[in-house]
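Enquirer: compute the structure for the input listed below.
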Amino acid sequence: MRVAGVFALLCCFFVCAVTVRAQNAGPLSAVPAGKFQFTGTWDCEGSFRNQQVHKSVFTGAIILGGKWIELTEQDVQPATGYLAKYLIGYDTQQKRMVEFDANNFGAATYFSQEGWREGTLAMVSPLSQAPGSSYVANRFLYSITGPDTFTVDWQISRTAALDWIPSDHLACKQRSNG
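Expert: Just a heads-up that it's a prediction; the model follows:
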């Protein structure tokens with residue numbers, strides 16, 4: 001009987017601790033914890049799924065009172081003229097991270113319920129029901145790989161079951177100030 005009482009007390013303590021932690025948890029932060037910052041200019045190299053070389057330049061800033069990341073991408077190779085502006089922040093009404101992707105070919109919105117986890121931010125699109133589309137969902141993974149490096153991976157899923165297929169990988173290194 002005594003063991004059951006101690007077990008019940010421990011269970012009650014655990015439930016209370018989890019409840020208090022959830023109530024005290026603030027909004028997710030777009031800015032990753034630690035010293036890494038997306039500010040500055042980044043030279044990025046990688047490849048698309050078809051092994052075609054992909055090179056671009058990212059510029060980054062922390063904006064809106066230190067709450068949002070602003071990234072601008074300009075492709076160098078292939079020379080398609082691709083330009084994009086990505087804004088990553090926290091939506092207080094929907095209580096999740098949001099990314100707005102405006103580019104010269106279109107626009108999209110991505111979401112994350114989890115935010116930064118172990119140096120990686122996964123942003124996922126809503127499922128698309130567009131007929132004839134080659135995929136139903138997109139995911140972008142931003143991964144901090146060092147004090148002056150990060151990667152961006154674009155993945156697609158052809159099914160609503162979200163079976164991710166690599167589509168583009170960029171490894172980015174910050175330009176030195178000198």
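Enquirer: tell me, please, the helix or strand in the chain that averages the lowest pLDDT.
Expert: helix 2-24 (a mean of 39; mean pLDDT, DSSP states H and E).
Enquirer: output stretch 57-72 in CSV with nothing but the alpha carbons.
Expert: Output of stretch 57-72 as CSV, limited to C-alpha atoms (Å, rounded to 0.1, in the frame of the first residue of the first chain):
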residue,chain,number,x,y,z
VAL,A,57,24.3,34.3,-52.0
PHE,A,58,22.2,34.8,-48.9
THR,A,59,22.1,38.0,-46.8
GLY,A,60,20.6,37.9,-43.4
ALA,A,61,19.4,40.2,-40.7
ILE,A,62,17.6,40.1,-37.4
ILE,A,63,14.6,42.5,-37.6
LEU,A,64,11.5,43.7,-35.9
GLY,A,65,13.0,44.1,-32.4
GLY,A,66,15.2,41.0,-32.6
LYS,A,67,12.1,38.7,-33.2
TRP,A,68,12.3,37.8,-36.9
ILE,A,69,15.0,36.5,-39.2
GLU,A,70,15.1,38.1,-42.7
LEU,A,71,17.0,36.1,-45.4
THR,A,72,17.4,37.2,-49.0
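Enquirer: need the contact list for residue 41.
Expert: When contacts are counted by C-beta atoms under 8 Å, 6 or more residues apart in numbering, residue 41 touches 57, 58, 59, 60, 174, 175. Just so you know, the C-beta spots here come from the backbone N, C-alpha and C atoms, and that holds for glycine as well.
Enquirer: write the PyMOL selection for whichever of these are buried.
Expert: In PyMOL syntax, the buried subset of the contacts of residue 41 is picked out as below (16 or more other C-beta atoms under 10 Å):
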select buried, resi 58+59+60+174
